[in-house]
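>>> my questions are about this predicted structure, shown below with the sequence.
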Amino acid sequence: MAHELSHTLDYHRGGLWGILDILNQLRLYPSLVRYERRTDLQAVFRGYGPGLIAYRHWIYRVIPASDVAAKRQTYFTPEEIQVLLGILAEAEALGLRSRLETYWLADPPLSLAELKQDWHNFRLQSGTL
């Protein structure tokens, strides 16, 4: 639900032109993945990570097995969300959470490896590594 409400917030903020821009971007698959992962990030940043993990476990069980791989590529997986939650806790302790959120909303990571590498690079740039 938090994921879907994040879509609503995007539509609300963007007005008609924002909605048309989003719809135009969704025509390209890589943009769809970035957009959906960005939407997942918004839900996780608002504290809904555990609920999103539970939902993904449930949805993987009830959709056809042939659709699971596409879902795992398009949206954050439970494993990725768990790592994301750990990184956010670490970023909070370092006083970097707000900056990290802005960084990832601008360019969401598309895989677990990219998530970890982005955090490493972000810490290097921030002088905390």
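Arrived safely. What you are looking at is a predicted structure, and each value in this text was computed from that prediction instead of being measured.
>>> from here on, contacts and neighbour counts on C-alpha atoms
Will do.
>>> hmm, Asp107 is touching Tyr35, no?
No: with contacts defined as Cα atoms under 8 Å, Asp107 does not count as touching Tyr35, sitting 9.5 Å away.
>>> ok, the two, which is more surrounded?
A direct count of neighbours by other Cα atoms under 10 Å for Asp107 and Tyr35 places Tyr35 higher, at 21 against 14.
>>> now that one: which helix or strand?
According to DSSP states H and E, Tyr35 maps onto helix 29-43.
>>> which residues of the protein fall in helices?
With helices called from DSSP state H, the chain shows them at 2-25, 29-43, 49-62, 65-74, 78-93, 97-106, 112-126.
>>> and for Gln125, the neighbour number?
If you count neighbours by other Cα under 10 Å, Gln125 ends up with 10.
>>> who are the neighbours in contact with it?
Listed by Cα atoms under 8 Å, 6 or more residues apart in numbering, Gln125 has no contact partners.
>>> please apply the same query to Ile53.
Applying Cα under 8 Å, 6+ apart to Ile53 gives the contacts 77-78, 81-82.
>>> in terms of distance to Ala54, which of those residues ranks first?
Pro78 (7.8 Å; Cα to Cα).
>>> just the helices of the chain: most buried one?
Among the helices of the chain, ranked by average contacts under mean count of other Cα atoms under 10 Å, first place goes to helix 29-43 (a mean of 20).
>>> report the inter-axis angle for it versus helix 65-74.
70 degrees (axes from the mean of the first three to the mean of the last three Cα atoms, to 10 degrees).
>>> any idea how far helix 29-43 is from the chain center?
Distance of helix 29-43 from the chain centroid (Cα atoms, centre = their mean, to the nearest Å) equals 6 Å.
>>> what do you get for stretch 105-121?
For stretch 105-121, the separation from the chain centroid amounts to 10 Å (computed by Cα atoms, centre = their mean).
>>> for this protein, where's the lowest mean pLDDT among helices and strands?
helix 2-25 (a mean of 57; mean pLDDT, DSSP states H and E).
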